[in-house]
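Novice: I'll drop the sequence and a predicted model, then ask my questions.
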Amino acid sequence: MIQHLIWDVDGTLFDTYPAIARAFHAGLHDLGVTASFDWILSLAQITLDHCLATLATTYALSTADLEDRFAQHYRTVTSADQPPFPSVREVCTAIQARGGLNLIVTHRGRSSLDRLLAAHQLTSCFADIISNDDAYPRKPDPAAFVALIDRQQLPRETTLGLGDRDIDILAAQGAGLRAALFGTNQGTATPDFTFTDYAQLLRRITAEESLPL
């Protein structure tokens, strides 16, 4: 049975990678570099830090300069350009209707996350959040998951971690949870199951509701 969900944000809850990749693409252009957008997107889907480091190394750029250019362009991105994935709201509502909690563990800063949630009327869907501001070790370290589990007294057997990357899966499983991979970017981690759209996850939640624990 799936009663509680711990969500990742970028690439899981919100479709942010294209906007992030565009900001890097524009930042590189400012520094006199032309790079493939699709390649930048693939780097961003690993981690933001990986994308920054790889681009700076590949083009012999100052990491600080590229990060600054990226930040300038990313600040101009609107919430409308970073929408929640289809049926996210329905999944959140279904969890709440079952008496469960939607929670977040993310590397994104809290103010940026709060703006996204508010812009898309999702703030009330989430009972607790651990963000980059809370200074826990970064995924795949499970410490933030363990802290959230303890804080909310979540039963591990009915709590599911959601993410689109290996680090999300490893962090959730390291905390003793099942973990589901969203999307098709299968890495080296072994998720408990995968799904490619949230309607599919909602069907899984509904199906498991009738199963014995």
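Specialist: It's in. These numbers were taken from a predicted model, which means no experiment stands behind them. Numbers count the residues shown, from 1 in each chain.
Novice: chain center to the lengthiest helix in the chain, what's the gap?
Specialist: The single longest helix within the chain, with elements called by DSSP state H, is helix 17-30. Helix 17-30 sits 19 Å away from the centroid of its parent chain (CA atoms, centre = their mean, to the nearest Å).
Novice: residue ranges of the strands in this structure, please?
Specialist: 4-7, 102-105, 128-130, 159-163, 178-182, 193-195 (DSSP state E).
Novice: highest average neighbour count across these?
Specialist: Highest mean neighbour count of these: strand 159-163, a mean of 27 (counted as mean count of other CB atoms under 10 Å). C-betas here are computed from N, CA, C, even on glycine.
Novice: helices along this structure, start to end?
Specialist: 17-30, 37-44, 48-58, 63-74, 88-97, 110-119, 143-152, 166-174, 198-209.
Novice: show me what the last one is packed up against.
Specialist: Under the contact criterion of 3 or more CB pairs under 8 Å, 6 or more residues apart in numbering; DSSP states H and E, the helices and strands touching helix 198-209 comprise helix 88-97, strand 193-195.
Novice: what do you get if the cut-off is 10 Å, keeping everything else the same?
Specialist: Helix 198-209 sits against helix 88-97, strand 159-163, strand 178-182, strand 193-195, with contacts defined as 3 or more CB pairs under 10 Å, 6 or more residues apart in numbering; DSSP states H and E.
Novice: quick one: closest of these to L31.
Specialist: strand 159-163 (31.4 Å; CB to CB).
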